[in-house]
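Visitor: sequence unknown, structure follows:
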């Protein structure tokens, strides 16, 4: 059987669903700390990528300046 997108009765309409779950405080704290850790890791990766791009651009600009005949 194909997925729901290949079914001819699928109309492509996106609908919102609300769910409820039962859990305890310890599990909620673990989920929250995991989400915070993932957010911090994404921020760290973004800063590292930006820093690397800035360094590369600076190196390219310095290389271009030397080749353009500056004395």
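Guide: Looks like it came in fine. It should be emphasised that the depicted structure is a prediction, and the values quoted were computed from it without experimental measurement.
Visitor: how far is the one helix or strand residue 55 maps to from where the chain is centred?
Guide: Applying DSSP states H and E as the criterion places residue 55 in helix 25-67. For helix 25-67, the distance from its own C-alpha centre to the chain's C-alpha centre is 10 Å (CA atoms, centre = their mean, to the nearest Å).
Visitor: could we number from 623 for the rest of this?
Guide: Sounds good: first residue 623 from here, last item helix 647-689.
Visitor: measure the most centrally placed residue in the chain to residue 670 for me?
Guide: In the chain, the residue lying closest to the centroid (CA atoms, centre = their mean) is residue 664, at 6.2 Å. Counting by CB to CB, to the nearest Å, the gap from residue 664 to residue 670 is 11 Å. For the C-beta atoms, the positions are set from N, CA and C on the backbone; glycine is no exception.
Visitor: next one: residue 636
Guide: Using CB to CB, we find residue 636 at a distance of 35 Å from residue 670.
Visitor: And the two? Which one has more around it.
Guide: More crowded of residue 636 and residue 670, by other CB atoms under 10 Å: residue 670, with 10 against 4.
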